[in-house]
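Q: I'd like to go over a predicted model; first the sequence, then the structure.
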Amino acid sequence: MDLPPHTVDAFHRGGFWLVQPSDSGHRAGMDALMLAAAVPSTFAGRLADFGAGAGAAGLAVAARCRQAKVQLIELTTEMARFAEATLAHSGNASLRDRAAVLIADVGLSGKARTEAGLADTSLDFVIMNPPFNPAHHRPTPDALKRQAHVMEDGLFESWIRSAAAVVRPRGGLAIIARPEQLAAILAALDGRFGKAEIVPVHPRADTAAIRVIVRAVRASRAPLTLCPPLVLRDPRDRFSQRADDISNGRASLFGD
């Protein structure tokens, strides 16, 4: 496959490999791995990765949850080509029959969403790492990277609305975002998902959170839970043991 400049990177200590752009578009990192870790280790159903990029979060789920079937849903043909190259990589041979790429706009609604390949109540779980940077935040001339990083108005509402349509009752949703976006996420969950569990992510124990990871259950009425934080680095600036376990697929974020 003829691709733009790219790298081939090992994740989960070689548990899976990612073919991703080296100088344009989005490159995956800890956000994708933390998001994937929100899925229970016992998960064995059908999962979609909304805005999958090259496929890091979805494949991290497939690598840890050996019975999961994963659909990598990406809007741009450029990044979908990287996801397809990722699945074709020899290091992912054991995952290939449980993963597929779909080019689709997850913000579609109704009949258009179904025609794009996202059928109602067809999934058991959705994970999403949406573009969550405000338009003024570190603007980039790279159009592909800007599309992956910069949020459009109403994005949480449209993506979570679609997740509510495609996830069966009692199915799951997990999303990673900035702490200041928590109110918008909870508003979009209201009436669609309940039993929200929130994990704040702190760079160090004495610093403010830089991310929140929210997990919720379709059609549940159970109350919200604020969980203990994930602290990424210890006082010696090394990855904490919990962060290392999560980044390498040895543990789930919620302990299940």
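A: Happy to help now that I have it.

Q: C-alpha only now, for contacts and for neighbours.
A: Fine.

Q: pretty sure P179 is touching V212, no?
A: Yes. Judged on CA atoms under 8 Å, P179 makes contact with V212 at a distance of 5.5 Å.

Q: the more surrounded of these two?
A: When P179 and V212 are compared for neighbours, V212 comes out ahead with 22 against 15, by other CA atoms under 10 Å.

Q: Any idea how many residues pack against the residue lying closest to that one once chain neighbours are set aside?
A: Nearest residue to V212 in three dimensions, chain neighbours excluded: P200, at 4.5 Å (CA to CA, 6 or more residues apart in numbering). Counted by other CA under 10 Å, the residues lying close to P200 total 21.

Q: give me phi/psi at P200?
A: Dihedral pair for P200: phi -80, psi 140, per degrees, to the nearest 10.

Q: I'd like the next helix or strand past the helix or strand of the chain with the lowest mean pLDDT.
A: For the chain, counting by mean pLDDT, DSSP states H and E, helix 143-149 ranks last in confidence among helices and strands (a mean of 49). Sequence-wise, the next helix or strand downstream of helix 143-149 (DSSP states H and E) is helix 155-166.

Q: What residues sit buried inside that next one?
A: Going by neighbour count (16 or more other CA atoms under 10 Å), the buried part of helix 155-166 is L155, F156, E157, S158, W159, I160, R161, S162, A163, A164, A165, V166.

Q: Once you drop chain neighbours, what's closest to the fourth one?
A: I take that to be S158. Nearest one to S158, counting by CA to CA, 6+ apart, is G107 at 5.2 Å.

Q: Report how many residues lie close to D190.
A: 12.

Q: Also D2?
A: D2: 6 neighbours (other CA under 10 Å).

Q: Next, find the distance separating the residue nearest to S158 from R218.
A: Going from G107 to R218 by CA to CA, to the nearest Å gives 18 Å.

Q: who has more neighbours, these two?
A: Under the criterion of other CA under 10 Å, the comparison of G107 against R218 puts R218 first, with 24 against 19.

Q: and the more buried one, how far is that from Q71?
A: For R218, the distance to Q71 - CA to CA - is 19 Å.

Q: Run through the bridge partners of R233.
A: F239 (DSSP bridges).

Q: How many residues are close by it?
A: 18.

Q: residues in contact with it?
A: R233 sits next to P203, R204, A205, F239, S240, A243 when contact means CA atoms under 8 Å, 6 or more residues apart in numbering.
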